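Q: got a predicted model here, sequence first, then my questions.
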Amino acid sequence: MKLAMIGFGQAGGKIVDRFLEYDERTNSGIVRAAVAVNSAKADLMGLERIPQENRVLIGQARVKGHGVGADNELGAEIAEEDIDEVQNAIDAIPTHEVDAFLVVAGMGGGTGSGGAPVLAKHLKRIYTIPVYGLGVLPGTDEGGIYTLNAARSFQTFVREVDNLLVFDNDSWRQTGESVEGGYEKINEEIVRRFGVLFGAGEVGDGEEVAESVVDSSEIINTLSGGGVSTVGYASEEVELNTGGGLLSRFTGDDAGDDLDAANTTNRITSLVRKAALGRLTLPCEIEGAERALLVLSGPSEYLNRKGIERGRKWLEEETGSMEVRGGDFPREEPEVSAAILLSGVTDVPRIKRLQQVAIEAQDNIEDIQAESEENLEELVEDDEDELEPLF
Ligand SMILES: Nc1nc2c(ncn2[C@@H]2O[C@H](COP(=O)(O)OP(=O)(O)OP(=O)(O)O)[C@@H](O)[C@H]2O)c(=O)[nH]1
């Protein structure tokens, strides 16, 4: 699937930058265009791969390139005011070559959490291709304002996009790591999971195609209907067949081949279980997911229709969904992986807690606004001291 990715805010920009690096490394071809939008000049300058001309600084008149200091209403306002500048960068994207937009943002800050839903709404009004969101929830230890921003942004973002894919930092952070080092690892987890998923269907010409290759319409169909999605993933190292046909796992008329085929089927079904029952990008009960897509990727000799079909049936039983798709994504790499997209999930404890926070916030809105204003003032002062020489 070919995506136009737009990273909004610092987290959004860094993750899109990382997707570009993943694309280069794996030749997956999923990022057709990449844009970064931010109210903080320093964040835009820190990106590595997104082309300079696709980095859009918004809100200069209001915050002078310093960011919005976790004020998500201000983030939304400046996105609305400067939407034409964002559109100018998007105008340069050959959208007829793109299957969907993916708007990526951390939902705890101000710029991304406020701006991403504004941009999604704008894109949906103009374009006919789907607009998906990738929203990153903050760690619960980041503080009240971050949780509140996420609670608010989540409600709007999920309404404005065709589907909101969610990654929860809280369930992925590791103790004892620096915040930056931690994000490096987390961002790699994000791009690997969503990369395998969106990469399905981007099989290069001339590559060996196995039994039932997933294409982008299956991803779109799984995401259609909206709501919230989560992704499960598991992988296992395998030896690449470099010797010429020794590892035929598909069919065979001798006992050895049958054994290989059975091994392959078993390996696939256990990978599928690991992916669905292990840590999801947004932890939740998989029962009740409205739709699901299973993508098995790896060397074609390690993939077979029977294994995928069994995995798919198992997912049908576990989710109770009648709409479970499955297929393979043959790739010459020394691992077999299962990526599972669970779309329209409803039993999500983290989201229920966030909704509660949003309700409670109505009661003490003044304190929160004061905290957020203080934040902004401090930030502008700090930035004035530290960043002046740069610009
Ligand atoms: N996974 C991941 N999350 C991040 C990263 N950087 C920040 N975050 C998360 O995203 C939230 C929002 O932070 P930013 O993206 O820095 O905020 P912003 O949208 O730029 O908004 P302001 O800084 O308030 O102007 C934070 O609360 C973190 O939870 C990152 O590199 N990876």
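A: In hand now; what should we look at?
Q: from Ala261, how far out is Leu294?
A: 19 Å (Cβ to Cβ, to the nearest Å). Any C-beta I mention is one placed from the backbone N, CA and C, and that applies to glycine too.
Q: those two: who's more crowded?
A: Leu294 (29 against 18; other Cβ atoms under 10 Å).
Q: what's the domain layout of this structure?
A: Listed domain ranges for the chain are 3-199, 216-343 (source: automatic domain parsing).
Q: now check the last one, is it near the ligand?
A: Spelled out, it's domain 216-343. No: applying Cβ under 6 Å from any ligand atom, one finds domain 216-343 separated from the ligand by no less than 10.4 Å.
Q: what are the ranges of the helices in the stretch 201-350 of the chain?
A: Secondary structure of the stretch 201-350 of the chain (DSSP state H, counting those that start in this stretch): helices at 216-223, 255-277, 305-319, 349-361.
Q: I'd like the ones you listed as TSV, with mean pLDDT appended.
A: What follows is the helices of the stretch 201-350 of the chain, written out as TSV (pLDDT from 0 to 100):
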stretch	mean pLDDT
helix 216-223	94
helix 255-277	86
helix 305-319	95
helix 349-361	87
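Q: quick one: closest of these to Ile6.
A: Smallest distance to Ile6 across these (Cβ to Cβ): 17.1 Å, for helix 216-223.
Q: buried residues in the closest one?
A: Ser216, Glu218, Ile219, Ile220, Thr222, Leu223 (16 or more other Cβ atoms under 10 Å).
Q: return the member of the residues you listed nearest to Arg325.
A: For the buried residues of helix 216-223, the nearest to Arg325 is Glu218 (5.0 Å; Cβ to Cβ).
Q: is the nearest residue to the closest one once chain neighbours are set aside in a bridge, and if so with what?
A: Excluding its sequence neighbours, the residue lying closest to Glu218 (Cβ to Cβ, 6 or more residues apart in numbering) is Arg325, at 5.0 Å. Counting by DSSP bridges, Arg325 forms beta bridges with Leu293.
Q: surely Arg325 meets Leu294?
A: Yes: look at Arg325 against Leu294 with Cβ atoms under 8 Å: they come within range, at 7.1 Å.
Q: shared neighbours of these two, anything?
A: Arg312 (Cβ atoms under 8 Å, 6 or more residues apart in numbering).
Q: for Ala40, see how far away Glu377 is.
A: 16 Å.
Q: between the two, which is the more surrounded one?
A: Ala40 (26 against 11).
Q: how about the contacts made by that one?
A: Counted by Cβ under 8 Å, 6+ apart, Ala40 has contacts Gln10, Gly65, His66, Gly67, Thr111.
Q: list phi and psi for it.
A: Dihedral pair for Ala40: phi -110, psi 120, per degrees, to the nearest 10.
Q: equivalent analysis for Gly133, please.
A: phi -110, psi 150.
Q: how close does the closest residue to Leu240 other than its chain neighbours get to Leu271?
A: Nearest residue to Leu240, sequence neighbours excluded (Cβ to Cβ, 6+ apart): Pro334, at 5.2 Å. Going from Pro334 to Leu271 by Cβ to Cβ gives 15 Å.
Q: ok, Leu342 next?
A: Relative to Leu271, and taking Cβ to Cβ, Leu342 is found at 16 Å.
Q: where does the stretch 51-200 of the chain have low pLDDT?
A: For the stretch 51-200 of the chain, the stretches with pLDDT under 70 are 175-178.
Q: quick one: the strands in it?
A: Here the stretch 51-200 of the chain has its strands, by DSSP state E, counting those that start in this stretch, at 55-57, 100-106, 131-137, 163-168.
Q: touching, Leu164 and Gln155? I think so.
A: No: when contacts are counted by Cβ under 8 Å, Leu164 is not listed as touching Gln155 (10.4 Å).
Q: who's more crowded, those two?
A: Taking other Cβ under 10 Å, Leu164 and Gln155 do not tie; Leu164 has more neighbours (26 against 14).
Q: residues in contact with the more buried one?
A: Leu164 neighbours (Cβ under 8 Å, 6+ apart): Tyr132, Gly133, Leu134, Gly135, Phe154, Phe157, Val158, Gly227, Val228, Ser229.
Q: stretch 11-24 and the ligand, any residue contact?
A: Yes: shown here: stretch 11-24 in contact with the ligand (Cβ under 6 Å from any ligand atom) through Ala11, Lys14.
Q: if we can go back for a sec, please identify the deepest-packed of the domains of the chain.
A: domain 3-199 (a mean of 21; mean count of other Cβ atoms under 10 Å).
Q: how long is that domain from one end to the other?
A: Terminal residues of domain 3-199 lie 10 Å apart, using Cα to Cα, to the nearest Å.
Q: what of stretch 332-352?
A: End-to-end distance (Cα to Cα), stretch 332-352: 41 Å.
Q: what do you get for stretch 56-68?
A: 15 Å.
Q: so for Val179, which of the strands of the stretch 51-200 of the chain sits nearest?
A: When the strands of the stretch 51-200 of the chain are compared by Cβ to Cβ, strand 100-106 sits nearest Val179, at 12.4 Å.
Q: who does that closest one pair up with?
A: Under the rule (DSSP bridges), strand 100-106 has strand 3-8 (parallel), strand 131-137 (parallel) as partners.
Q: let me have those in a markdown table, extended by distance to the ligand.
A: Output for these, formatted as a markdown table (distance: least, Cβ to the nearest ligand atom, whole Å):
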| stretch | distance to the ligand |
| --- | --- |
| strand 3-8 | 7 |
| strand 131-137 | 5 |
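Q: related to what we said a few turns ago, got the helices of the stretch 201-350 of the chain as CSV, with distance to Pro94 columns?
A: Formatted as CSV, those follow (distance: least, Cβ to Cβ, whole Å):
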stretch, distance to Pro94
helix 216-223, 16
helix 255-277, 34
helix 305-319, 33
helix 349-361, 36
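Q: quick revisit: can you redo the strands of the stretch 51-200 of the chain as JSON lines with distance to Pro349?
A: Output for those, formatted as JSON lines (distance: least, Cβ to Cβ, whole Å):
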{"stretch": "strand 55-57", "distance to Pro349": "36"}
{"stretch": "strand 100-106", "distance to Pro349": "20"}
{"stretch": "strand 131-137", "distance to Pro349": "12"}
{"stretch": "strand 163-168", "distance to Pro349": "10"}
